[in-house]
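Student: Got a predicted structure plus its sequence, pasted below:
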Amino acid sequence: MVERRKPIKVNEAIERLMVYSVKGNQEMIPIEQSYGRFLGEELIADHDVPLFDRSPYDGFAIRSRDSKNASRETPINLEVIGEIGAGSVFEEPIGEMQAVRIMTGAQMPEDCDAVVMLELAKEFEEDEKSYFQLKRSFHSGDNVSFKGEDTREGTVLAKKGTYINPGVVALLATFGYKHVPVTKKPTIGIIATGSELLQIDEPLQPGKIRNSNAYMTQAQIERAGGQAIYYGQFSDQFSVCFEQVKNALEKVDFLITTGGVSVGDYDYLPEIYEALGAKILFNKVGMRPGSVTTIAEINGKLLFGLSGNPSACYVGLELFVRPIIRTFLHSSQPFVKKEVAVLGGDFPKPNPFDRFVRADLTYQDGKLIATPSGLDKSNVVSSLASANVLILLPGGTRGYQKGSEVKVLLIEDQMGTTYENFNRK
Ligand SMILES: Nc1nc2c(c(=O)[nH]1)N[C@H]1C(S)=C(S)[C@@H](COP(=O)(O)OP(=O)(O)OC[C@H]3O[C@@H](n4cnc5c(N)ncnc54)[C@H](O)[C@@H]3O)O[C@H]1N2
Ligand code: MOO
Ligand SMILES: [Mg+2]
C-alpha cells in the first residue's frame, strides 16, 4: 500500500522550515566584488557628505550682501580676484565687491555665501583686472551645496543584510570601504538523482533526458545570494545516492536534491532521510507545482528534497530555499516580494491546492499585468524562461478569469519582503 501523505499549507511549511534558519559569518571582500552581495555590518556615515560647503555650478562665489542693490536698472560690477577648480581650496580673504571664479564641486571660499552661475555674469576686463556685471541680488546660501546636506555623520545608511546594489556600492566608496564587510555566502550542495538523466553533453537516447535541474538550481541559488556546489547526478540506487547525500551534507551549509522524493519505486529520498536519521519537517505541501517538496533536518542542517519535475523544483527553491539563503545573509526581508497584478489571461483549471503559475509581468496603462508564460504543468521547462513572476492563485476555486486581481511573487526582485508581508492575504 502506497504511503498517503498529508499536505500542509505553504505558510505552515515555511514556518516549520524557518525554525532551522541560521545566520552566516562575515568576511571582507574588495569593493569591486561587492555588487550583488549582502552587507555584513550596518553602514554608518562616519562623516558629513559633502564634508564642506561647495558650489553646485560653474560660476562666481560672491558675498551675497554685495549684491543687495543689484537689479536690471542698477547692475553692479564685482572684481574677480582668483579662481578655484574642484579639488582646490581658495584661502585668501575676499573683500567688499570681490568674487572668485569657482567650478562645480569646488569648496566655497570662507568669505563667500552664494554662487552666481556663469550664464548670469557678464564678464569684462578693465585696467588688467577681471570683472563681471550682475543684474540681480542673491541671498545668503543661494546656489550653495551645504556641508552635510547629502547625509549627516552618524546616519545609518544601510542595515546589515542589505542587498548591495550599485547605489550601495557608491555609498561604500563614499565612506572609504576599499574592503567591504559582507556575509559569507552559504554553500548549498546540489545532487541530481534519476537513472534517466544524461550528462549535458551526451547525445539524446531513448527514454533519457538531459539534466536541466542541476544547472537551473545553481542559477537560482546564485540569484538568491548563495554559493552552489554541484556534486553531480546519480542513478536511482539507494546505496549510491545515500553515500553521496551523506558525504555532501558534511561539506555544505544546506543540501538540495532533485528528484526521487515522491512515492515511486525508485524514489529513494524518503529512505535516505530515514537511514540518515533526519527529521522530516514535511513531505507534502498543498501547492502546485511542488506538492512533493520534502524538507528534512539533521543536526540543525536542512536538506531540501525538491521535486524532479523542473517547474516544481523551481517553485520549491524560490519558496523554501531562498528565504533560508537570505536569512543566512542577515536580510530582514528574506521572502520573495509580493505585489498585486491583473491576470492577463484566463486560468480555467480548478485546483484544491494553491497554485504558483509561471508568468510574465508587463506594465500597461499604469497597471501590472501578469500573463501565464506557457503550459502550466509541473514537468514543463519551457514556461520558466520567460517567467519573471509566479502568480499565486489560492486553492479551492473553480479557476480564474482574465482581468481578475491576483497576487504575484516577484522572483527577479532583489529587495524581498518580510514574512508578514509575504503571508498577507
Ligand atoms: N502516485 C503518485 N505519483 C506521483 C505523485 C504522487 O503524489 N503520487 N506526485 C507527482 C508529483 S506532484 C510530482 S512533482 C512528481 C515528483 O517526482 P519526484 O520528485 O519523485 O522526481 P522523479 O520521479 O525523480 O522525477 C519526476 C520527473 O522529473 C524529471 N526529472 C528528474 N530529475 C530531473 C532533472 N535533473 N532535470 C530535468 N528533469 C528531471 C524526471 O525525468 C521525471 O519526469 O511525482 C509525481 N508522481
Ligand atoms: O509536486 Mo507536483 O509539481 O505538485 O506536480
Ligand atoms: Mg518520482
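Tutor: Received, thanks. Ligands and ions are numbered 1, 2, ... in the order given.

Student: and this protein, what are its domains?
Tutor: Here the domain parsing of the chain from automatic domain parsing is 10-25+184-328, 28-49+155-183, 59-134, 337-423.

Student: With only the CA atoms kept, save the biggest helix by length in the chain in CSV.
Tutor: Determined from DSSP state H, the single longest helix within the chain is helix 238-251. Extracted C-alpha coordinates of helix 238-251, given in CSV (Å, rounded to 0.1, in the frame of the first residue of the first chain):
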residue,chain,number,x,y,z
PHE,A,238,19.7,3.7,-2.8
SER,A,239,23.3,2.9,-1.8
VAL,A,240,24.8,5.3,-4.4
CYS,A,241,22.6,8.2,-3.5
PHE,A,242,22.8,7.6,0.2
GLU,A,243,26.6,7.8,0.2
GLN,A,244,26.5,11.0,-2.0
VAL,A,245,24.0,12.7,0.2
LYS,A,246,25.8,11.8,3.4
ASN,A,247,29.2,13.0,2.1
ALA,A,248,27.9,16.2,0.6
LEU,A,249,25.9,17.1,3.7
GLU,A,250,29.1,17.3,5.7
LYS,A,251,30.7,19.8,3.4
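
Student: Residues of this structure that sit close to ligand 1?
Tutor: Within the chain, the residues that sit near ligand 1 (CB under 6 Å from any ligand atom) are 192, 194, 196-197, 209, 211-214, 258-264, 267, 289, 291-292, 307-310, 312, 378-379. C-beta coordinates here come from the backbone N, C-alpha and C atoms, glycine included.

Student: Also near ligand 2: which of those, exactly?
Tutor: Among the residues of the chain next to ligand 1, the ones lying near ligand 2 by CB under 6 Å from any ligand atom are 289, 291-292, 307, 309, 312, 378.

Student: Would you point out the most distant pair within those?
Tutor: Spatial extent of those (CB to CB) is set by the pair 291 and 309 at 10.0 Å.

Student: returning to what we had before: in strands, which of the ones next to ligand 2 among the residues of the chain next to ligand 1 fall?
Tutor: If you go by DSSP state E, these have nothing in strands.

Student: In these, which residue is surrounded by the most others?
Tutor: residue 312 (27 neighbours; other CB atoms under 10 Å).

Student: Could you tell me which residues make contact with the residue nearest to that residue when sequence neighbours are not counted?
Tutor: Nearest non-adjacent residue to residue 312, counting by CB to CB, 6 or more residues apart in numbering: residue 289, 3.6 Å away. Residue 289 makes contacts with 307, 309, 311-312, 315, 356, 377-378, as judged by CB atoms under 8 Å, 6 or more residues apart in numbering.

Student: Make TSV out of those residues and add distance to residue 79 and pLDDT.
Tutor: What follows is the contacts of residue 289, written out as TSV (distance: CB to CB, whole Å; pLDDT from 0 to 100):
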residue	distance to residue 79	pLDDT
307	80	97
309	81	97
311	75	97
312	78	97
315	73	98
356	72	96
377	81	91
378	80	93
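
Student: For the residue nearest to residue 12 when sequence neighbours are not counted, give me its contacts.
Tutor: Nearest non-adjacent residue to residue 12, counting by CB to CB, 6+ apart: residue 282, 7.8 Å away. Contact partners of residue 282, counting by CB under 8 Å, 6+ apart, are 8, 12-13, 16, 293-295.

Student: Among those, which ones are in strands?
Tutor: Within those, residues falling in strands by DSSP E are 294-295.

Student: Summarise which helices and strands the longest helix of the chain is packed against.
Tutor: strand 187-193, strand 227-234, strand 254-258, helix 269-276, strand 301-306 (3 or more CB pairs under 8 Å, 6 or more residues apart in numbering; DSSP states H and E).

Student: The second one vs strand 187-193, what angle?
Tutor: Between strand 227-234 and strand 187-193, the angle formed by their directions is 20 degrees, by axes from the mean of the first three to the mean of the last three CA atoms, to 10 degrees.

Student: What pairs with strand 227-234, parallel or antiparallel?
Tutor: strand 187-193 (parallel) (DSSP bridges).

Student: What mean pLDDT does the partner strand get?
Tutor: In this model, strand 187-193 has an average pLDDT of 98.

Student: Give the next helix or strand downstream of it.
Tutor: Per DSSP states H and E, the first helix or strand lying C-terminal to strand 187-193 is strand 197-198.

Student: Show residues contacting stretch 116-128.
Tutor: 57-60, 62, 67, 80, 99, 130-136, 138, 143.

Student: quick one: low-confidence parts of this structure?
Tutor: Nowhere does the chain drop to pLDDT under 70.

Student: Longest strand in it, please.
Tutor: strand 354-364.

Student: Give me the contacts around it.
Tutor: Contacts with strand 354-364, where a contact means CB under 8 Å, 6+ apart, come from 9-10, 286-290, 311, 314-315, 319, 341, 344, 347, 349, 368-374, 376, 383-384, 386-395, 408-410.

Student: Now do the residue nearest to residue 12 against residue 115, distance only.
Tutor: Per CB to CB, to the nearest Å, residue 282 is found 65 Å from residue 115.

Student: Can you name the residue of the stretch 1-150 of the chain nearest to ligand 3?
Tutor: Residue nearest to ligand 3 within the stretch 1-150 of the chain: residue 2 (11.9 Å; CB to the ion).

Student: so that residue touches residue 265, yeah?
Tutor: No - contact criterion CB atoms under 8 Å: residue 2 and residue 265 do not qualify, at 10.1 Å.

Student: thinking again about what came up before, and the helix or strand that comes right after the longest strand of the chain with strand 354-364, angle?
Tutor: For strand 354-364, the following helix or strand on the C-terminal side (DSSP H and E) is strand 367-372. Angle of strand 367-372 versus strand 354-364, following the same axes, to 10 degrees, is 130 degrees.

Student: Describe which strands strand 367-372 pairs with in its sheet and in which direction.
Tutor: strand 337-343 (parallel), strand 354-364 (antiparallel).

Student: Could you tell me which residues of the stretch 201-350 of the chain lie near ligand 2?
Tutor: Residues of the stretch 201-350 of the chain lying near ligand 2 by CB under 6 Å from any ligand atom: 288-292, 307, 309, 312.
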